[in-house]
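K.L.:
coords below, sequence missing:
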């Protein structure tokens, strides 16, 4: 029997853009490719498209699997699929890999047409706003004038919020999950430690490590270990690992004593095998730079004045990376502008990572939100009467 | 005019111990030197001695200056001196550099008598309990049978607590400030990321970098940057640095954008110039291993059953490294044992670092505590009638 709630096998597509993309930095990308996936069917009036934006180390591969390998499940497969909260029987879902990523879209490991060598650290620094501009061009090509919704968690939530500011008329709904209107000094500090670990790894070679046939694995590994600490809550880490010892007693050396060490090093090792160091730098910069209120003297209400979408904002009680206070700032600024906004603060133990996990209340909130949206837009499940 | 509240010029002394020190790990140190400083005068009945234990990157140089250079002020000069909360007109204060440190006492950069080379990573792993044993030998030699008090902040507080367990009759008072009865999984995780940054720095050379004439500066720098984030509160960092830009605009590169980056990198650079990498590893392990309740099935009350001292426990509201909850665990376990314990939870914005800073309420609590202790012991200011 087929799993009726699974998308099954999916495959990525790619689209080439020959027109240069001007960037917020003043630089531009001459031409580029975006890799994306779609699930479900775009309806006749093109009103049921949902764009899912990805966070730091995810990609266009939101849901489904590649071939029969269950290990290739998309990063938000619990959220997106037939009968899932974002139901692909009703909605046409698009996942797009951002520029500068290392999962297919044009990025630092690709050839710089100006030099004939990989971009490396010369790949231009991209902002959240730039990503949204590139995504909008993809939407143009796919013939989607207005999304039913743009949604994302964490850095993906920043992109959704940026969509509502840059293209107010191009989305009916905006779902901003476990996100923030800007990073705090502490957030930036963690990002900079991670970047310094990479930049000072001798294998980084000023970003041109591809030519040297090496990878700054040590730096990437430390960056990922550190990142991981900020994704989990203190309590969750205590519950999962506590002070449990790997082998029952202290080793009195610098190997592994505690289970938490084993777990983090494993996560770091795994990550350093597949993630690109230049992409890591680039994406953390996009995080640091995001601050839509900056052009409005720090006034977020002003920054959100032009938005027209309806909003769902979700935060998680134990998320100390982007704490509920950060989401409430967004909600308050939206309320200031008399926008329609639903806010859910989910009491969940899993810290920032909760946005990726199967919390029943969280999933139900998103499900209900999309159910209402389906009614509003007049989309039905495949086979249902309208 | 002289500053009457300053100790003025002080100088370190050193003491050689020829008897091997057995360690908790089962290893031993054949012989060793401890460097220490003393301030004030030991009274006739030797009842006014106070031992000050140091934390991660501090030393025996608690107060006063070396020569006329104000930049050489001791790390707790605001706490210790004539007329200070720990008044050297009344008390005889001892600061001792711990074994394995890089500030004079026998440590990894010293010659291993067994090989004729620097110990490097072969310096045995030392625990808080071991440090206390070594400190007790110094007390023996100085003729101090019982301290008026043993005190310390952070890792220093762990040593004070360990004194109260290992040598219950040798201290009248125990001052445990901004400390914890054990590290959490998250605390250990941060320590392990710092260690991995050092251990994977190619300049570390398995701990034998001395022979190579290099220092694993990059690793130390990342370790210190990371540590620093945990010493400050989120709010304090926001207040001091916020999202302030170094040069007023985004640089769109991987240099310095934000003031917080500039600050952290500076702290990291400075630290990597003077601190020993093997010492850093060793001290973080001592932190991770400390857990006096471990031998009592995790029951801290049982672990503290044999204590006889009176206690002052102090925590700081915004300390997220060793949060007030951790101090309250100590207080509760002491109350369980009907010990006399004073607890002060200071509402201070500066995070973990608050224990080193001039918070008026904090300083007053410690001052009052020592004033009462002076009455109890019958010590008076030099020149006062008893």
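P.N.:
Received it, and whenever you're ready, just let me know what you need. Keep in mind that this is a model prediction, so the values were computed, not measured.
K.L.:
And residue A:262, how far from residue A:247?
P.N.:
Here the criterion is CB to CB, to the nearest Å. By it, residue A:262 lies 10 Å from residue A:247. C-beta here means a position set from N, CA and C on the backbone, and glycine is covered the same way.
K.L.:
neighbour-wise, which of the two wins?
P.N.:
With neighbours defined as other CB atoms under 10 Å in any protein chain shown, residue A:262 and residue A:247 compare such that residue A:262 has more, 17 against 9.
K.L.:
Just the buried positions in stretch A:47-66, please.
P.N.:
By neighbour count with 16 or more other CB atoms under 10 Å in any protein chain shown, stretch A:47-66 contains the buried residues A:47-65.
K.L.:
Out of these, which sit inside helices?
P.N.:
Per DSSP state H, helices hold no members of the buried residues of stretch A:47-66.
K.L.:
how about the helices in the stretch 251-386 of chain A?
P.N.:
Under the criterion DSSP state H, counting those that start in this stretch, the stretch 251-386 of chain A contains helices at A:259-274, A:277-289, A:300-303, A:324-336, A:360-377.
K.L.:
part of a helix, is residue A:136?
P.N.:
Yes - counting by DSSP: H, G, I helix; E, B strand; the rest coil, residue A:136 falls inside a helix.
K.L.:
okay but it is in contact with residue A:167, surely?
P.N.:
Yes - if you go by CB atoms under 8 Å, residue A:136 and residue A:167 touch, sitting 6.0 Å apart.
K.L.:
okay, the two: which has more neighbours?
P.N.:
Taking other CB under 10 Å, residue A:136 and residue A:167 do not tie; residue A:167 has more neighbours (20 against 17).
K.L.:
Settle this for me: that one is touching residue A:135, isn't it.
P.N.:
No - counting by CB under 8 Å, residue A:167 stays clear of residue A:135, with 9.4 Å between them.
K.L.:
For the residue of the stretch 251-386 of chain A found nearest chain B, which non-adjacent residue is closest in space?
P.N.:
In the stretch 251-386 of chain A, the residue that lies nearest chain B is residue A:252 (3.8 Å; CB to the nearest CB). Using CB to CB, 6 or more residues apart in numbering or on different chains and skipping the chain neighbours, the partner closest in space to residue A:252 is residue B:25 (3.8 Å).
K.L.:
and that neighbour, how far is that from residue A:191?
P.N.:
Residue B:25 is 37 Å from residue A:191, by CB to CB.
K.L.:
of these two, who's got more company?
P.N.:
residue A:191 (26 against 16).
K.L.:
Mind listing the residues bridging to the nearest residue to residue A:51 once chain neighbours are set aside?
P.N.:
Among residues not flanking residue A:51 along the chain, residue A:150 sits closest, at 4.6 Å (CB to CB, 6+ apart). Beta bridges link residue A:150 to residue A:51, residue A:174, judged by DSSP bridges.
K.L.:
Tell me the spacing between residue A:150 and residue B:335.
P.N.:
To residue B:335, residue A:150 is 55 Å away according to CB to CB.
K.L.:
now swap in residue A:168 and tell me
P.N.:
60 Å.
K.L.:
Ok, residue A:155 next?
P.N.:
Residue A:155 is 46 Å from residue B:335, by CB to CB.
K.L.:
out of the two, which sits in the busier spot?
P.N.:
The neighbour comparison of residue A:155 against residue B:335 (other CB under 10 Å) goes to residue A:155, with 25 against 15.
K.L.:
Just want the residue of the stretch 1-150 of chain A that's nearest chain B.
P.N.:
residue A:25 (3.8 Å).
K.L.:
That residue reaches residue A:123, doesn't it?
P.N.:
No - judged on CB under 8 Å, residue A:25 makes no contact with residue A:123 at a distance of 11.3 Å.
K.L.:
shared neighbours of those two, anything?
P.N.:
Common neighbours of residue A:25 and residue A:123 (criterion: CB atoms under 8 Å, 6 or more residues apart in numbering or on different chains): none identified.
K.L.:
if we can go back for a sec, burial measure for the residue nearest to residue A:51, as a count.
P.N.:
31.
K.L.:
How about the contacts made by it?
P.N.:
A:50, A:51, A:53, A:159, A:160, A:163, A:164, A:171, A:173, A:174, A:175.
K.L.:
The fourth one: helix or strand, and which one exactly?
P.N.:
Taking DSSP states H and E as the criterion, the element that holds residue A:159 is helix A:155-166.
K.L.:
wait, does that helix contact chain B?
P.N.:
No - Helix A:155-166 stays clear of chain B (CB under 8 Å from any CB of the partner chain), getting no nearer than 14.6 Å.
K.L.:
Which elements pack onto that helix?
P.N.:
Judged by 3 or more CB pairs under 8 Å, 6 or more residues apart in numbering or on different chains; DSSP states H and E, helix A:155-166 is in contact with strand A:49-53, helix A:128-142, strand A:147-153, strand A:171-177, helix A:277-289.
K.L.:
how about TSV for those, with mean pLDDT added?
P.N.:
Shown next, in TSV, are those (pLDDT from 0 to 100):
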stretch	mean pLDDT
strand A:49-53	98
helix A:128-142	98
strand A:147-153	98
strand A:171-177	98
helix A:277-289	98
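K.L.:
looking at these, which is closest to residue A:212?
P.N.:
Closest to residue A:212 of the helices and strands packed on helix A:155-166, according to CB to CB: helix A:277-289, at 12.2 Å.
K.L.:
angle of the closest one against helix A:155-166?
P.N.:
Taking axes from the mean of the first three to the mean of the last three CA atoms, to 10 degrees, one finds that helix A:277-289 is oriented at 50 degrees with respect to helix A:155-166.
K.L.:
Run through the neighbouring helices and strands of helix A:277-289.
P.N.:
Judged by 3+ CB pairs under 8 Å, 6+ apart, the packing partners of helix A:277-289 are helix A:128-142, helix A:155-166, helix A:185-199, helix A:217-231.
K.L.:
for the third one, the distance to its chain's centre please.
P.N.:
Okay, so that is helix A:185-199. With CA atoms, centre = their mean, to the nearest Å as the basis, helix A:185-199 stands 18 Å off its chain's centre.
K.L.:
for the helix holding residue A:159, the distance to its chain's centre please.
P.N.:
Distance, centroid of helix A:155-166 to centroid of chain: 11 Å (CA atoms, centre = their mean).
K.L.:
Skip the chain neighbours and tell me the closest residue to residue A:208.
P.N.:
With CB to CB, 6+ apart, the residue lying closest to residue A:208 is residue A:120, at 4.6 Å.
K.L.:
can you count the residues close to the one you found?
P.N.:
21.
K.L.:
from memory it sits against residue A:204, does it?
P.N.:
No - judged on CB under 8 Å, residue A:120 makes no contact with residue A:204 at a distance of 9.6 Å.
K.L.:
same question for whichever strand or helix holds residue A:33, mean pLDDT?
P.N.:
Secondary structure from DSSP H and E places residue A:33 in strand A:32-39. In this model, strand A:32-39 carries a mean pLDDT of 98.
K.L.:
hmm, back to that, quick one: contacts for the residue of the stretch 1-150 of chain A closest to chain B?
P.N.:
A:124, A:125, A:127, B:250, B:252.
K.L.:
could the residues you listed go into JSON lines alongside distance to residue B:146?
P.N.:
Formatted as JSON lines, the contacts of residue A:25 follow (distance: CB to CB, whole Å):
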{"residue": "A:124", "distance to residue B:146": "68"}
{"residue": "A:125", "distance to residue B:146": "63"}
{"residue": "A:127", "distance to residue B:146": "64"}
{"residue": "B:250", "distance to residue B:146": "61"}
{"residue": "B:252", "distance to residue B:146": "63"}
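K.L.:
dump the residue contacts of the most centrally placed residue in chain A.
P.N.:
What sits nearest the mean C-alpha location of chain A, by CA atoms, centre = their mean, is residue A:55, with 1.7 Å. Contact analysis of residue A:55 by CB under 8 Å, 6+ apart lists A:152, A:153, A:154, A:155, A:156.
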